[in-house]
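In: Show me the folded form of this:
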Amino acid sequence: MSQQDPIHSLFAGSFDPPTLGHLAIAAEALMGADELTILVAANPAKAGSQMFTPEERIQLFRNSIAYYVAQHAGKNDGTVACKIADALQNGEKKINVITSGGLTIDTAHTIGAGKLVRGLRPNGKDLDDENTLAYINHILVQNRQLPITTVMVAAPDPDHNFVSSSSAKMMQKVTGNGDDLTDYVAPDVLAAMEQRKADMAALAAQKAAGEKEPTNQPSPITLSAQYETPEHTTASAPIVGFMPGDFSLFTNAHRDVAMRALAGLDKLVIGVHSKAGNEYFTPAKRVAFIEQSIAAFTQEAENSNDPVLKKVATSLRNGSKSIEVVSYDKPFLFAAQEHGASIITRGLQPAINRLTSETSMAQITRIEANANQIPVSTEHVTTPVALYQQLGTKDVAEALTTYGAESASAQKLLPEPVRAAWLEQQRANARIGGGGTIWVQKPTEGRST
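Out: Here you go, the predicted model:
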């Protein structure tokens, strides 16, 4: 593989204030990037309702990073937290914190980030919001022809599933006890929140006393030394993703997710589970179909209007990115480790049951990864193609059984190598069934085509 371009990701939010959940997402994001920029959104329209100014939030995030590095560096415990803290300390990876009031997409383009990272919690509101935002970003990158992809990262710790800046502020307001927040924000953030709370109480008292223009204003927050971004001193290893599945039918939705995932990686390994049930083709055939489908895509996407797919196709042709298709017969976490992956790539359909399932699987994977000292993160990728979003492999198989492999829907849903193989099997089954029947009998491993 040729020299890779550094993977630069952007993680945007209000971060008012930054929480330990935000830090965990940032660490997960850095598993899939050489450099991560934290974008503190500056919205003048909301200035009066925010606890901290954008400049203060930058300081608080930097101090939270310093706290995170101090807590986890040098532990050698095989966790993502330790790996990222060490990488930040030795200059292998880089993190920046900036602010901007413009569109996130435009900021990403300005700083050279090709990957947007979104945190994802297992609730319907998050799913709706993030899916809508991902689609809007897709329209924006299409209109601007910017090769910027979006990935979603679930909170790795179930305790952070419902932690947000808003919930931290609400807890402070309801309980009145800063000690209740020690598991949710870094010490400097907690101190700043308590200081700001006291400032606002003093202002309220002055107003209650009848002062039209209170003399006391919120005082500048006091912070310890901020995190300083080290220079890159160590070359980063290639960032490899592992996309597991049985791929009994490798669909265009699978291919779309794989290509968008590869946009934010150096290499993607697509793993075909050789012992999964409900297969229509042997593992060897499935591997071959995926390889053929990727090769066909590389040629087709040269004329694509989608800037992400077009760039990935170019990168595959010039060797700066690569895809390998393998079969595996063990838990995917261990297969990913064998192939040097730091990222588990998962497709995500915009349905609450799929969100709950995928976030739970990501957290279970983290438990097993920590127990086995395998530092790996999970990235979820959605497809912006509306037709693919709600269709699973079973739906595609049903459409093929109903309408046949020569139908218009089959041509939209399957890469040509897979469609052609299904059509051949369909004709063979028709001969077995007699009378030109178009039903598809699921073949045994010995009869698979």
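
In: what about the strands in the chain?
Out: 8-13, 35-41, 94-100, 115-120, 149-154, 240-245, 267-273, 322-328, 343-347, 377-381 (DSSP state E).

In: tell me the most buried of these?
Out: Mean neighbour count (mean count of other Cβ atoms under 10 Å) peaks for strand 149-154 among the strands of the chain, with a mean of 28. In short, each C-beta sits where N, CA and C put it, glycine included.

In: How about residues contacting that strand?
Out: Contact partners of strand 149-154, identified using Cβ atoms under 8 Å, 6 or more residues apart in numbering, comprise 25, 28-29, 32, 114-122, 130, 134, 137-138, 260-261, 263-264, 308, 348, 358-359, 362-363, 377-382.

In: Give the residue spans of the protein that score low on pLDDT.
Out: For the chain, residues meeting the criterion pLDDT under 70 lie at 1-3, 45-48, 122-127, 161, 176-178, 211-235, 276-279, 351-352, 429-449.

In: burial count for the nearest residue in space to residue 389 that is not next to it in sequence?
Out: Nearest residue to residue 389, sequence neighbours excluded (Cβ to Cβ, 6 or more residues apart in numbering): residue 350, at 5.5 Å. Look at residue 350: counted by other Cβ atoms under 10 Å, it has 18 neighbours.

In: do you know how far residue 350 is from residue 395?
Out: Separation of residue 350 from residue 395 (Cβ to Cβ, to the nearest Å): 15 Å.

In: ditto for residue 210
Out: 68 Å.

In: Please say which of those two ends up with more neighbours.
Out: With neighbours defined as other Cβ under 10 Å, residue 210 and residue 395 compare such that residue 395 has more, 13 against 6.

In: And the more buried one, how far from residue 389?
Out: 11 Å.

In: ditto for residue 92
Out: Taking Cβ to Cβ, one finds residue 92 at 37 Å from residue 389.

In: and what of residue 103?
Out: 24 Å.

In: What of residue 51?
Out: 37 Å.

In: Also residue 172?
Out: Distance from residue 172 to residue 389, counting by Cβ to Cβ: 39 Å.

In: Residue 300 too?
Out: Counting by Cβ to Cβ - residue 300 and residue 389 are separated by 21 Å.

In: can I see the domain layout of this protein?
Out: For the chain, automatic domain parsing gives the domain ranges 8-121+162-208, 240-447.

In: will you turn the ones you listed into CSV that also has distance to residue 153?
Out: Listed next are the domains of the chain as CSV, based on distance: least, Cβ to Cβ, whole Å:
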stretch, distance to residue 153
domain 8-121+162-208, 5
domain 240-447, 6
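
In: closest to residue 145 out of those domains?
Out: Residue 145 lies closest to domain 240-447 among the domains of the chain, at 4.7 Å (Cβ to Cβ).

In: My guess is residue 67 contacts residue 190. True?
Out: No - in terms of Cβ atoms under 8 Å, residue 67 does not count as a neighbour of residue 190; the distance is 10.6 Å.

In: in terms of contact, does residue 240 touch residue 269 like I think?
Out: Yes - in this structure residue 240 lies within contact range of residue 269 using Cβ under 8 Å: 6.4 Å.

In: shared neighbours, these two?
Out: Shared contacts of residue 240 and residue 269, counting by Cβ under 8 Å, 6+ apart, come down to 339, 341.

In: So for residue 103 and residue 389, which residue has more residues nearby?
Out: Taking other Cβ under 10 Å, residue 103 and residue 389 do not tie; residue 389 has more neighbours (17 against 14).

In: for that one, what are its contacts?
Out: Here residue 389 is in contact with 253, 349-350, 382-383 (criterion: Cβ under 8 Å, 6+ apart).

In: right, and the pair among those residues with maximum separation?
Out: Among the contacts of residue 389, 253 and 350 lie farthest apart (Cβ to Cβ), at 12.2 Å.

In: for residue 313, what are its contacts?
Out: Contacts of residue 313 by Cβ under 8 Å, 6+ apart are 259, 297-302, 304.

In: how close does it sit to residue 382?
Out: 20 Å.

In: again, but for residue 43
Out: Relative to residue 382, and taking Cβ to Cβ, residue 43 is found at 25 Å.

In: and these two? which has more neighbours close in?
Out: Neighbours per residue, other Cβ under 10 Å: of residue 43 and residue 382, the larger number sits with residue 382, 22 against 12.

In: Next, the contact list for that one, please.
Out: By Cβ under 8 Å, 6+ apart, the neighbours of residue 382 are 131, 134, 150, 152, 257, 347-350, 389.
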